[in-house]
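A.B. asks: Quick one, fold the following:
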Amino acid sequence: MTYRLFYIWLNLLSLAVLIVRAQDPVLFQAFYWDVPGNQVWWDSLRTVAPALAAKGVDKLWLPPPFKGSGGGYDMGYGIADHFDAGEFDQYGSVSTRFGSRGQLESLIQTIHASGMDAICDIVMNHTMGGSLEYNPYVHDYVMADRYPLYPYGNYMYVWNNAPAETYYFKIKGGANDFTETTQDDRTGYYSIRPWYNHASGQNADGQSHWYEWDIGDGDSGPFDAFLIDLPGRVMEGQIASVGDVDEFYVEHTGGYMEMKVWSSDQGGDRDFKMFEVYNSAGENVTDSMKIHTWTAMTPASGRFPKSYENYHPNSVHNDILPDYHDPVFGQDFCFWSGQTGDSLKVWGTWLTQTLGFDGYRFDVAKGIDPYFVAEWLNTPAMQNRYAVAEHWSDTGSITYWVNTVNNNLTGNKTMTGFDFPLRYALQSMCDDPNYDVRNLHSAGLYNNGLDGPYITTFVNNHDVWRPYTSAHDPIINDLILAYAVIMTHPGTATLFWPDYYGGTFYNSDSSASFTMSGLQPQLDRLMEIRKAFVGGLFHKLSESGNPVYKKASDRYGADYAGAEKRLYITQREGTTGGRGGSILVINTHPTDTLGAWVTVQNSVGSNTLEDYTGNRPGQETVFSDNRVFVHANPRGYAIWAPAGEDISLSVELTSFRLEQQDRSIILNWTTASETDNAWFEIERRDPGQHSFETIATRLPARGGNAPQNYHYTDTLTVPGDYAYRLVDVNIDGRRTVHGARSVHFTTPFPFLVGQNYPNPFNPQTHIPVFLSHKSDVTLTVYQTDGKKVAHISYPSQSAGRHLITFNPEHLASGIYFYQLQIGKQHSIVKKMILLR
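C.D. replies: The predicted model follows:
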């Protein structure tokens, strides 16, 4: 018998995104495409996580941690087993490309201890790596000449036990997209590859191609057909006109036989199919050659098996229409068919409560129904957590999708969208020497109606930064200008590993490489500026601040013609109780240092400003009419904010942890060093509230360069979700608010044991257990005659919810009784039914 205990942690839930907040978070993408595939990436991240947190990173975005069809080489986007995070031997490896499940869990613990959230890259749109099975829905879809075309790479024609015979295959054009006028999809070039005379059914791509354009249609008998002499031989043919038919034949010795047909035409999608099969006696045996798809999945984890019913088309959605049913990648999930949706919710709960993830990045969100995403995020484990959608499209489509999700959430609105339109505008700003920066006034999601809390900005990512591939499309020139924009604009800002660290990067076989320097010093400074001065209302001063453009060296001289195309100037007002706001100046002129007189909107907290990037010297005065002169170097940037502030962190916080003990929440935090720190304060947000209240002040700081450990106990009475954050106050009274952590507080009880589910069950069942305090747990299973058939101990289980999985591999069908012993004082007995 095998048993597994799944821990569902409740004490490290991430803080929801709120409309009102002091500073927008910083998200760090902790990977790039084809990171080293030696199963140590999780360990590498564990070594850098504390330093990233200390620099100001709030969230660490990890690559998909699931076993993909490529095994130890897969980047995780070819997801095959949702519940294999690197612990089952399948697809050629136990570990994923990034490491084992144990290494992943150790990394997540380090992320949490460092005060950051762990963001999981969610692949919910599709799967890969299944086995072939007959798919009646796809068979009927293809044979009925339906449109859009079902992807050739997702199916083939299969006859598992074909008798020894000579078989004739007829090929013709299928469906046509009548909205197109430049081509008829029923004509053009195609390829066909049979596999026969081999019982294993292994494919044999790689046989030399044959080209034969004058293939008969079989009307004159077998001599009018073309012999494909070798299994795996790829033949290339042409359907010259609508109604044209080509015929091939093979001499099969019996057993497994398959045929693959696809379009090899470069003129777009063309539809070709094998529509008839005959034997040498002239009998039509087409019905024996069925269309199969790679949709049969029996994962080694034993969880979430799949078949063709889980994918489009099916009885629920018998189509493959965009946007949410088309199989763009792999096999496309139907969330409303069978147990697909419920299984994905269980998976999300496992990711969150067992592995410990705090938020989610949705891969290929464009192909996922936003109503299901809202339903998924409404699952208790996933509620009120940061989420970001990779919806690679225009502002209107992204905004609609994000708003649809948020408007259907029962908790806080936590869905954000990656700002692809702004990213491409910034690419033009950096790489086009003639770019008119006034285009930025209307670029991106914020300028088109989506509020900052629902936006995640970025500059480069793993999809546009892929060296030595055709997908490589990074920002090349003056990359720091793009980062200066997103680090001062509304929204969660994303930093990208290669941009931050630099390094040496290789092609797929390591035969070529290049080395680049990172922007870590500049980005670290931008994070300090962001934490200190970037908050509050946002204004585009180069649009609404009545700008008057000058050369920086002649601010009272003649206006500078054309500078309106070169200077992009924005303002953040700052937050109540903060250090003030800031003014960003971007100058894209190649040679001239330019500036502008602008009108500050309301205030930035001081009448004397300095540039905190270190790029421009001196100070500038905000005059009584709120006019100020701000400037930046050629192809440079400056951020002007209240002068004289020390924005380096006075406290280097290395961990901030929460834990429930009976009726109290214990707060533990560790500092690596403390400079000029006077005391700490604790702020708490109560369930259902949107603001923090101070619950403890003047907790003495010890100071010095040595690590220090602190703790605070907060006694509670009302159950619910609480959030805490730490504030350090220096000797000048300046307050630094650190990132918040959340905890679910439950009213203490001795224990609760739920009914096992499913019940009846086969092959396994789950028993929910709730503990009020740390306890030893013992599971004992009895037959109806009292004979003990299973006994397993789980020592020293922490307070909170646990899920015991019972898998009786050798027990027969019948009624059994299970006893849960909690410590020495409490036990309970319940009945369960096993059906084989």
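A.B. asks: what residues go with each domain of the protein?
C.D. replies: When the chain is parsed with automatic domain parsing, its domains come out as 131-296, 651-745, 751-834.
A.B. asks: Can you add mean neighbour count and mean pLDDT and give these back as CSV?
C.D. replies: Heads up, the C-betas are built off the backbone N, CA and C, glycines and all. Listed next are the domains of the chain as CSV, based on neighbours: other Cβ atoms under 10 Å; pLDDT from 0 to 100:
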stretch, mean neighbour count, mean pLDDT
domain 131-296, 17, 80
domain 651-745, 17, 84
domain 751-834, 15, 87
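A.B. asks: got TSV for those, with distance to residue 400 too?
C.D. replies: Listed next are the domains of the chain as TSV, based on distance: least, Cβ to Cβ, whole Å:
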stretch	distance to residue 400
domain 131-296	22
domain 651-745	26
domain 751-834	37
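A.B. asks: Quick check: which of the ones you listed is nearest to residue 465?
C.D. replies: domain 131-296 (26.0 Å; Cβ to Cβ).
A.B. asks: And the closest one, end to end?
C.D. replies: 5 Å (Cα to Cα, to the nearest Å).
A.B. asks: do the same with stretch 447-467
C.D. replies: Note: stretch 447-467 ends 32 Å apart using Cα to Cα.
A.B. asks: go on, stretch 317-335?
C.D. replies: Across stretch 317-335, first to last residue, Cα to Cα, it's 10 Å.
A.B. asks: List the buried residues in that stretch.
C.D. replies: 317, 320, 324-327, 329-335 (16 or more other Cβ atoms under 10 Å).
A.B. asks: for residue 289, what are its contacts?
C.D. replies: 157, 158, 159, 257, 259, 274, 277 (Cβ atoms under 8 Å, 6 or more residues apart in numbering).
A.B. asks: Also residue 45?
C.D. replies: 30, 60, 62, 107.
A.B. asks: Throw those residues into a markdown table and include secondary structure, thanks.
C.D. replies: A markdown table is the format used below for the contacts of residue 45 (DSSP: H, G, I helix; E, B strand; the rest coil):
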| residue | secondary structure |
| --- | --- |
| 30 | coil |
| 60 | strand |
| 62 | strand |
| 107 | helix |
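A.B. asks: between these, which is nearest residue 389?
C.D. replies: residue 62 (16.8 Å).
A.B. asks: Tell me, how many residues neighbour the closest one?
C.D. replies: 23 (other Cβ atoms under 10 Å).
A.B. asks: How about residue 482: what's its closest non-neighbour residue?
C.D. replies: Leaving aside its chain neighbours, residue 482 sits nearest to residue 426 (4.0 Å; criterion: Cβ to Cβ, 6 or more residues apart in numbering).
A.B. asks: Identify those among the contacts of residue 289 that sit within helices.
C.D. replies: Judged by DSSP state H, helices contain none of the contacts of residue 289.
A.B. asks: Can you tell me which of the buried residues of stretch 317-335 is closest to residue 516?
C.D. replies: Relative to residue 516, and with distances defined as Cβ to Cβ, the nearest of those is residue 329, at 29.4 Å.
A.B. asks: if I pick the closest one, what's in contact with it?
C.D. replies: Applying Cβ under 8 Å, 6+ apart, the residues contacting residue 329 are 77, 125, 126, 128, 364, 367.
A.B. asks: can you tell me which residues contact the closest residue to the last one other than its chain neighbours?
C.D. replies: This means residue 367. Residue nearest to residue 367 in three dimensions, not counting chain neighbours: residue 125, with 4.6 Å by Cβ to Cβ, 6+ apart. By Cβ under 8 Å, 6+ apart, residue 125 lies in contact with 328, 329, 332, 333, 363, 364, 365, 367, 368.
A.B. asks: repeat for residue 818
C.D. replies: Residue 818 touches 756, 767, 779, 780, 781, 782, 806, 829, 830, 831, 832, counting by Cβ under 8 Å, 6+ apart.
A.B. asks: Enumerate every residue touching the fourth one.
C.D. replies: Same thing as residue 780. Counting by Cβ under 8 Å, 6+ apart, the residues that residue 780 touches are 788, 790, 791, 818, 819, 821.
A.B. asks: Let's see that with 7 Å instead.
C.D. replies: 788, 790, 791, 819 (Cβ atoms under 7 Å, 6 or more residues apart in numbering).
A.B. asks: Quick check: which element contains it?
C.D. replies: strand 775-783 (DSSP states H and E).
A.B. asks: Tell me which strands the next helix or strand after that strand pairs with, and in which orientation.
C.D. replies: Next along the chain after strand 775-783, taking DSSP H and E as the criterion, comes strand 788-797. Using DSSP bridges, strand 788-797 pairs in its sheet with strand 775-783 (antiparallel).
A.B. asks: how far out from the middle of the chain is the partner strand?
C.D. replies: 39 Å (Cα atoms, centre = their mean, to the nearest Å).
A.B. asks: ok, the nearest residue to residue 363 once chain neighbours are set aside to residue 464 distance?
C.D. replies: Nearest residue to residue 363, sequence neighbours excluded (Cβ to Cβ, 6+ apart): residue 123, at 4.9 Å. The spacing between residue 123 and residue 464, counted by Cβ to Cβ, to the nearest Å, is 19 Å.
A.B. asks: Just want to know which of the two has more residues nearby.
C.D. replies: residue 123 (23 against 20).
A.B. asks: thought the more buried one was touching residue 79?
C.D. replies: Yes. Between residue 123 and residue 79 there is a contact under Cβ atoms under 7 Å: 4.3 Å.
A.B. asks: shared neighbours, the two?
C.D. replies: What both residue 123 and residue 79 touch, as defined by Cβ under 7 Å, 6+ apart, is the set 64, 66.
A.B. asks: List the buried residues in the host helix or strand of residue 641.
C.D. replies: Using DSSP H and E, residue 641 sits in strand 636-642. Using 16+ other Cβ under 10 Å as the test for burial, strand 636-642 gives 636, 637, 638, 639, 640, 641, 642.
A.B. asks: Equivalent analysis for stretch 622-633, please.
C.D. replies: Those buried within stretch 622-633 under the rule 16+ other Cβ under 10 Å are 622, 628, 629, 630, 631, 632, 633.
A.B. asks: on that earlier part again, could the contacts of residue 780 be laid out in a markdown table, adding distance to residue 589?
C.D. replies: Putting these into a markdown table (distance: Cβ to Cβ, whole Å) gives the following:
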| residue | distance to residue 589 |
| --- | --- |
| 788 | 83 |
| 790 | 76 |
| 791 | 78 |
| 819 | 78 |
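A.B. asks: Which single one of the residues you listed is nearest to residue 537?
C.D. replies: residue 819 (61.5 Å).
A.B. asks: The helix or strand where the closest one lies: how far from the chain's middle?
C.D. replies: Secondary structure from DSSP H and E places residue 819 in strand 814-822. Centre-to-centre, strand 814-822 and its host chain are 40 Å apart (Cα atoms, centre = their mean).
A.B. asks: Paired strands for that strand, with orientation please.
C.D. replies: Strand 814-822 has these strand partners (DSSP bridges): strand 775-783 (antiparallel), strand 826-834 (antiparallel).
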